[in-house]
Each structure stands twice: as structure tokens, then as C-alpha cells.
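Chemist: Sequence first, then the predicted structure:
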2 protein chains.
Amino acid sequence: MKNYSIAKSRRLRSTPYTSRIEKQGVTAYTVYNHMLLPAAFGSIEESCSHLKKNVQIWDVAAERQVEISGPDSAKLVQLMTCRDLSKSKIGRCYYCPIIDENGNLVNDPVILKLAEDKWWVSIADSDVIFFAKGLASGNNFEVKIFEPNVDIIAIQGPKSFGLMEKIFGKKITELKFFGFDYFDFKGAKHLIARSGWSKQGGYEVYVENTSSGQDLYDHLFKIGVEFNVKPGCPNLIERIESGLLSYGNDFDNQDNPFECGFEKYVNLESDVVFLGKEKLKKIKSDGIKRKLMGVHIETNEISLTSSANIMNNDGNLIGDLRSACYSPHFKKVIGIAMINEPFCKVSVTGKVEIDGKNIVLKVCELPFI
Amino acid sequence: MKNYSIAKSRRLRSTPYTSRIEKQGVTAYTVYNHMLLPAAFGSIEESCSHLKKNVQIWDVAAERQVEISGPDSAKLVQLMTCRDLSKSKIGRCYYCPIIDENGNLVNDPVILKLAEDKWWVSIADSDVIFFAKGLASGNNFEVKIFEPNVDIIAIQGPKSFGLMEKIFGKKITELKFFGFDYFDFKGAKHLIARSGWSKQGGYEVYVENTSSGQDLYDHLFKIGVEFNVKPGCPNLIERIESGLLSYGNDFDNQDNPFECGFEKYVNLESDVVFLGKEKLKKIKSDGIKRKLMGVHIETNEISLTSSANIMNNDGNLIGDLRSACYSPHFKKVIGIAMINEPFCKVSVTGKVEIDGKNIVLKVCELPFI
């Protein structure tokens, strides 16, 4: 596929680490929350292989925060998500589908409970801040909503634990998955969560003190030599293999959480109040008509830039392929597809047109690995 | 400046015209409303010069629509904008700042009144759909809100009138600026407005019938040979010279409409109800502390990728440069900057650091031409 340049401007915001990653050899960007998100440092296959064995430092400042605070903040946060947050605890992260009035998805952030009346909604790629502002205004909630200056550095990969222990001490290895706490780096306090957009383990540093964060970024590379540290970014191959879904790629505002396999985050039995609750009850009782599934595709190359139709052997449309990549692990292309009933079952076969050729595929469960 | 590739994916949506513009030589993309927006076909200076004399066809499908319909639709649309729409007419376009609870800008769309109870909000780069959904839900408005399949083709430049007359007949030349009507192309009806994101004149075709729109796109090139038609896109130079502001570049959710020179679209004396009205009254009575101004910069080259600090001759920060380009017309770099009081006055001088050098600049009015 031909390469096209990205036309940079203030509107596609740079991050505090952009000049660093450009020196380190970033080759491609995507845009996420109106901000540059690195998409490749050369080969994504090599980067995937490195990530699975070592440790990488990622500029994921594009994971923006919506800070919601004030007396009605818990009510507003709950109104936006179908996950019951009534028993949520300070110091924990919660993966929360955000739902609109139709029961469809608006975003799938991780929500951090900073205090009983202060939350960070760590968003995927859509302007949740304006949804929150609209809801707050319409409901006369007493809240403050803004985007704080938080620019996340992710430390991902199996050696992230050793690297982070060397800097922050043993305490950081005791953080539970999706727990967060505050850690000191040369006199500055940083919120660090055990989380990240890979299944290889690691941390995310929610940098509020930009200058200290930049120092930390440099320090991670300096001290990380023994861990074979490299710059990286959310990796297309690793995230598809791991079934980490991406808002805008695998699902969007046309899809509901049941279709996306988010059942365990939809708490319809609880008495909490959230948008789209009645719609979701109806969708659940009616049953879904399609579902996100994995597909193995019998080819070695793909560059998917939009949905691709999936046909069954009778030539009928049975779904659409939404993300795909060559997986060195499976030695073929794998992808994530929305497949219609009754075809969203393991081992169903179909075809997808790639570069004018019909390629055979087989449906499987997510995640792949 | 080094070029970086854009990593395409379903999340950065292609348009119905993407395959066409790629054959026609698009070289760079930006991302706008989660969609690919062409940013260059080779030299933007040559393209600017061509646009000012001829006619160009632009893939501006990234100007997405938020359709708001239903009994409370007029109330919701008015709630979002500080412009008084109480006397708005069907068949007209209205440039409308969208305002949040703080009196700050959320977007600056053109709003099309399709019927008394049906509107298209033709948005700049932020998810106005979720702001509208939040407000509608919180206020219990009876409305339907969704993003219709509308993919705009713009026909821009002084020869656009001749080209469009050849296809649609004399009636299209009688459309008034910011008026719209429906025109037939080979049996399909298209909404066409006399509007567009240049000051060179032209039209925008709001394509709902994708296949007919693709035919029209091809037809415009076929029949446009005598008008010296070329593919193009919103042009950085032309839009800065013309003072066409860009949400995300020149202003954002940190700025209010008075700072951006939108006074004539802020109707505080009317009795219509809109968000942030009291805040805007206070801002107006207090007076603004900074303003968007033009700047002439004594250099011939710039590639601005984020805000750049502007200092006065005493070394104090007096503003930030937000957009800039080399203008062949002025034979120097010109830009749009937010300048603090009391420096936001014509002929004030300052300095901006570009590539490590301090370059002299002088403040001027907008637009430049």
C-alpha cells in the first residue's frame, strides 16, 4: 500500500514526548482524541516480538482524561456507564462501556476513582467530555468537567516489572492489576496504574508534572538498557491477538455492548441509574443479531483501511471485517469481525474480498491467544 | 520537516471518494471528525494559486452532519448556539458557534435548516453529536439525533459557477450565499449549498446517494476540463489569508467567542435560551483579555505543529501563534495568533521562536486579504 503523509498542525496535538519519539525513530502516526499517537517504529512485527519478551516505553498521551469532580460527580459518572459503580473503590480502575440513549456505545474508557467526588475517565477516541457536559447541564448536576493536563507514559512488556521496580522500589510490584497509587520520582508525585493497552503486563504513568514526566521518560531508557528497553506504541498485532477491542475500529456508536462481548460490564439487575438501561434490557431479552468474533484468514498479507464485507459460501453477506493484521504467531492473517446470526459461531467459514481476490476465512472465539 | 506516514485503519474512516483522490495524487491527509481529509496534492502553494483562478473539486466528506429532528429539535439546536435562530428560514445555512456551560467554544458548525423540525449541524472537528445527545437526554427533549450518511463534495474557485451551471443549469447560479436547494443529477436529488471552506466562491454538494455522488464526482472532472478543473482540498494558505478560522487550530474549548471575533454571532439581547448565556454576558461586560489576530512574520518558511510562544521586545509572553504558512501573496509567513491585552492591536511587534531563531513579527487585522 502507498504511504501518505500526515499533515501536522496544532489541531492534531503533539505530546510532551513527540520530539523524543521522533528522535527515536517513529515512522507512522495515527490520530486519537485529536492528538498524535505513534503507530509504528519501523516493522510492527519486530516490535510485537520485542514487546512479548522485553519492555517498551509508549507515548500514549492521546489517552486523554475527562476529569469529573463535585457533589454530583458519582451520579454523572454512573449515568454514563452500564457498569455498576456503586461499590467502586478509590485507587481502582474500572473498564466501563459508555452508553447512549439507544443503548449503543459512545466509548469504552477505563475510569479511575480518585476520590468519592473526583474521577478520571481515561477515554478511547471520542469526545466524552462533551457528552458529560451535555448530561451535566441537562440534569443540573453540580460538577466540574474539564480535560486536565495528563500525558500518559505506558511501560509495557514482561520486563516492565523489573524496570519499574528499579526506579520505584518493591512497592510498585505489589500493585494489583487495575490498581493505582502515587509514586515519587525525584521529588515529583506521579499516579501510576498497573494497566495498559497490551496483554503483556505493565504500567501506565499518568503524568501531570510534564517536566518530571519528560525526565522519567528519559530515565526509563537510560536505566532500561539491561532490560532491552525500546520505544514502542500500542501494537496492532498484539492487540488483535489479545482481543483488545478498539472503539472506532472494532465497534462504534452503531453497536451495543452485548454485540461486543461486554456482557459482564452490563449490570441490568442493579438499581443504579444509567442511560439506555431500558433499551439494553430490551436488547438482552430480544437477543442480539450479530456479534464480534475472531476470524482466521487464509492469506499472509492485508492492509485494511475500512470495513470489508464477509460473504458466506452462498454469496450472502454475513458480516464485516473491521480490523486485521498478519500474525507471525499464527502465520496467517487474523482479524476481528462483526458477524450476523446465525453465522457468529466457531468454525463457520466465509470469504472476504482482498485486493480483488476472494479469500477464505474461518470464525473463531476472541481472544486469539 | 521530516514526513511521517499516516497509519490508516477503519477508525480513521475513508470516504466514498478516497480511492478516487488517491488515483488523482493526494499526498497528505489530516484527520477530521474521525475521517480522512485530504491536506495536499503536492505543493499547497501551487494548489492555492490554482484555486484562486480556476475551480477545484474537494473531498470534504469529513465535514460530518449531526441530524437533529423531532418536536424539540429547534429548542435543542438553539440551546447549543449563542446565535439567535428564532427567525431562521428553511433553505438557509447559519454559521453558529456552539457554546458550553462556561461560555467556551465546542465547535463552529454551519447549521442547515431543512424543515421546522429537522436540522443538519455541519460540524468542525469535535463530536457535537455526543454534546447534543447529552443535552437532549438531560432535558428530556423529544428528538432524534444521528449521523446521516452525507459525504460532501465541494466545488470551489471562481470558475465553480460556470462548471456547476453547465451541469445543473442557470438555477444554480441564482442560489444566494449560504442558501441551499435541491438539484437533480441523472435522476438523483442532491442538496447543494452555495458555501464552502474558501473565500474563492463555490458550492457544497451534500451527497446522500453515494453512488450518484461518485458519478457526479467523476462527471465534474470530465466536464470541467474547459474550466481547468483540478482535485484539491481546503488550502492552508488560502484559508489563513482569508481569515477562515479552524476549530482545534486557531481556537478550541479553552476560548470564548468574543476572543475569536465572533461577536456578531453572539445574540445576548435576544430572549432565546442557550447554554453559557449568563457566562457570555459576564465575559462581555468584563471585557476580553486576549484576541485572535493576524501576524506578519519576517521569514519565508515555517512548519507549525503546535502553539508557539510570542514574546514582546521585553521578553514577556504576549500570546501564542496557532496557525501559520508561507504566503506567496505577501512573500512572507503569515499566521493567526491569540494575543493578550494590551498587545492585540495592529502594528504591535513581537518575536516568535522558529527552529531556535527569534523571528520578528507584527500584529495585523484578520482577514489578511
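Modeler: That came through, no problem.

Chemist: Please look at A:Arg11 and B:Asn249 and confirm they touch.
Modeler: Yes: under the criterion of Cβ atoms under 8 Å, A:Arg11 makes contact with B:Asn249 at 4.6 Å. Placement of C-beta: from N, CA and C, glycine included.

Chemist: Quick check: bridge partners of A:Tyr352?
Modeler: Wrong residue type there; residue A:352 is Val, not Tyr. Beta bridges link A:Val352 to A:Ile310, A:Ile359 when assigned by DSSP bridges.

Chemist: Counting neighbours, what do you get for it?
Modeler: A:Val352 is flanked by 26 other residues according to other Cβ atoms under 10 Å in any protein chain shown.

Chemist: cool, A:Phe330 as well?
Modeler: As a measure of burial, A:Phe330 has 13 neighbours, counting by other Cβ under 10 Å.

Chemist: Would you mind measuring from it to A:Ile297?
Modeler: As judged by Cβ to Cβ, to the nearest Å, A:Phe330 and A:Ile297 stand 10 Å apart.

Chemist: Was I right to think A:Ser73 contacts A:Lys118?
Modeler: Yes: A:Ser73 is within contact range of A:Lys118, at 6.6 Å (criterion: Cβ under 8 Å).

Chemist: Looking at the two, which one has more neighbours?
Modeler: Legend: neighbour count by other Cβ under 10 Å for A:Ser73 and A:Lys118, higher for A:Ser73 (25 against 16).

Chemist: Who are the contact partners of that one?
Modeler: By Cβ atoms under 8 Å, 6 or more residues apart in numbering or on different chains, the contact set of A:Ser73 is A:117-119, A:141, A:143.

Chemist: With A:Gly138 instead?
Modeler: Contacts of A:Gly138 by Cβ under 8 Å, 6+ apart are B:134-140.

Chemist: Need the max-distance pair from the residues you listed.
Modeler: Farthest pair in those (Cβ to Cβ) is B:Gly134 and B:Asn140. Separation: 12.3 Å.

Chemist: Which one of those two is surrounded by more residues?
Modeler: The neighbour comparison of B:Gly134 against B:Asn140 (other Cβ under 10 Å) goes to B:Gly134, with 28 against 9.

Chemist: quick revisit: let's have the contacts of A:Gly138 in a markdown table, adding secondary structure.
Modeler: As requested, those are exported to a markdown table (DSSP: H, G, I helix; E, B strand; the rest coil):
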| residue | secondary structure |
| --- | --- |
| B:Gly134 | helix |
| B:Leu135 | helix |
| B:Ala136 | helix |
| B:Ser137 | helix |
| B:Gly138 | helix |
| B:Asn139 | coil |
| B:Asn140 | coil |
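
Chemist: Which secondary structure element is home to A:Ile339?
Modeler: Following DSSP states H and E, the helix or strand that holds A:Ile339 is strand A:332-340.

Chemist: Tell me if I am right that A:Ala132 is in a helix.
Modeler: Yes: counting by three-state DSSP, A:Ala132 falls inside a helix.

Chemist: what about the helices in chain A?
Modeler: Secondary structure of chain A (DSSP state H): helices at A:18-23, A:44-53, A:73-80, A:128-138, A:160-168, A:210-223, A:236-241, A:277-286.

Chemist: how close does the residue nearest to A:Ala188 when sequence neighbours are not counted get to A:Phe258?
Modeler: In this structure, A:Ala188 finds its nearest non-sequential neighbour in A:Ser212, 3.5 Å apart by Cβ to Cβ, 6 or more residues apart in numbering or on different chains. Taking Cβ to Cβ as the measure, A:Ser212 falls 43 Å from A:Phe258.

Chemist: Same check on A:Lys89?
Modeler: 27 Å.

Chemist: And for A:Asp108, the neighbour number?
Modeler: Neighbours around A:Asp108, by other Cβ under 10 Å: 22.

Chemist: Let me see the backbone angles for it.
Modeler: Here is the backbone geometry of A:Asp108 (degrees, to the nearest 10): phi -140, psi 70.

Chemist: ranges for the strands of the stretch 101-250 of chain A?
Modeler: In the stretch 101-250 of chain A, the strands defined using DSSP state E, counting those that start in this stretch lie at A:105-107, A:110-115, A:118-122, A:144-146, A:151-156, A:180-185, A:188-193, A:202-207, A:230-232.

Chemist: Would you mind giving the ones you listed as TSV with mean pLDDT added?
Modeler: Shown next, in TSV, are these (pLDDT from 0 to 100):
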stretch	mean pLDDT
strand A:105-107	98
strand A:110-115	98
strand A:118-122	98
strand A:144-146	98
strand A:151-156	98
strand A:180-185	98
strand A:188-193	98
strand A:202-207	98
strand A:230-232	98
